[in-house]
Each structure stands twice: as structure tokens, then as C-alpha cells.
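A.B. asks: Starting from these lines, generate the structure:
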Amino acid sequence: MEEFASRCADLVFTEGRLIDLREWDAWLDLYQEDAEYWVPASNGDGIDYTSDPDSEISLIYYADRSGLEDRVFRIRTGLSSASVPLARTSHLIGSVQVKELGNGEFFATSSWITTSYKKKKTITFAGQYEHKIRQQADGSLKIAAKKILVVNDLIPGAMDFYNI
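C.D. replies: Next up is the predicted model:
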């Protein structure tokens, strides 16, 4: 288990670094095709969050990786006006804890802070990540689901996958 915990933590750190480097293809490759990506909305107190993306408000929700692929496409082509120019980001990820779920699946939690700089303004987001990680047939690890809990009460500007 210790080896897998280390590999899962490395996957979480690598994901943040690839976003900061804007290595979109390598970042997308960390995700399974059917990976869910979810940023639930806070219920107001910053502790409770919505629990069902199908019936409650989410800040971001993609049922599979195609939603992330679409965001990357829009960034690359300039079709995302909120992302022009694209913010420079720095992800600081720590306190990674990994629990084995069985059948080649792992659950990793971590804390994060992301600083985004764009148009002479700095915005900081913070929160917790919950990654469901699955071992593939070739032994590699991929993200099967990611839930991002944002602790900011106010969202001071555009919030997208790259700055959380």
C-alpha cells in the first residue's frame, strides 16, 4: 500500500504542475475517459456543499473527460473570452492522504492553494481535493473522479479548472 500511496500522491502533485505548465494533453491524459470532474457549490457556510450534481447547483460539473477536453479546446482556440489572456497559475498542494478502496482503486484527499495572476491582478483560491484514482491494466494510475471543494466565500472573477 505504501508504494501506491506514494504513486497516488505523485499523481496529484503532477496534475497541479501540468496545469501550471499548460501541458494540456499530458494533463488530460491523467484522466480516464469516463472520469467525473465536479466542483460543488457551498451551501453558504463554507463547510457544507451540494451533494448531487444532477439536482443541485455546481460551480463546475463534467460527467466525463469530454467536458475538460472542451475547455482545453476553447482555451487553445481563444473561444473562451474569460481565458484571454490566460492567467499564470501556481498550485501548492499538500497534506495528501491516501486510502485503499480495493479492486485497484484509491481515494486521495489533499489541501490546495492556487494563485492566479492575470492583468496585474492576483487571485487566490483554496480548498480540498478528493481524487478517486484507479489502477489501469498496464499498472499506471489514472484519475477516475475529482471533486474540488473551494473554501472561498466569494469568487472574485472567472474561475476555471486551471485556477482551482
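
A.B. asks: What segments of this structure are helices?
C.D. replies: 2-21, 24-28, 66-77 (DSSP state H).

A.B. asks: of these, which approaches residue 85 most closely?
C.D. replies: Among the helices of the chain, helix 66-77 comes nearest to residue 85, with 10.6 Å by CB to CB. (C-beta placed from N, C-alpha, C; glycine too.)

A.B. asks: Now render the helices of the chain as TSV, adding mean pLDDT.
C.D. replies: Shown next, in TSV, are the helices of the chain (pLDDT from 0 to 100):
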stretch	mean pLDDT
helix 2-21	96
helix 24-28	98
helix 66-77	96
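
A.B. asks: Switch these over to JSON lines; also include distance to residue 164.
C.D. replies: Below are the helices of the chain laid out as JSON lines (distance: least, CB to CB, whole Å):
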{"stretch": "helix 2-21", "distance to residue 164": "9"}
{"stretch": "helix 24-28", "distance to residue 164": "14"}
{"stretch": "helix 66-77", "distance to residue 164": "12"}
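
A.B. asks: between those helices, which one is nearest to residue 135?
C.D. replies: For residue 135, the closest of the helices of the chain is helix 2-21, at 7.7 Å, according to CB to CB.

A.B. asks: Tell me how many other residues crowd residue 141.
C.D. replies: Residue 141 has 19 neighbours, counted by other CB atoms under 10 Å.

A.B. asks: Quick check: beta-bridge partners of it?
C.D. replies: In this entry, residue 141 is beta-bridged to residue 135, by DSSP bridges.

A.B. asks: give me every residue that touches it.
C.D. replies: In this structure, residue 141 makes contact with 4, 7-8, 11, 106, 133-135, judged by CB atoms under 8 Å, 6 or more residues apart in numbering.

A.B. asks: what number of residues lie near residue 27?
C.D. replies: Neighbours of residue 27 (other CB under 10 Å): 21.

A.B. asks: Check residue 74 too.
C.D. replies: 16.

A.B. asks: how much space between the closest residue to it other than its chain neighbours and residue 142?
C.D. replies: Nearest non-adjacent residue to residue 74, counting by CB to CB, 6 or more residues apart in numbering: residue 80, 3.9 Å away. Going from residue 80 to residue 142 by CB to CB, to the nearest Å gives 25 Å.
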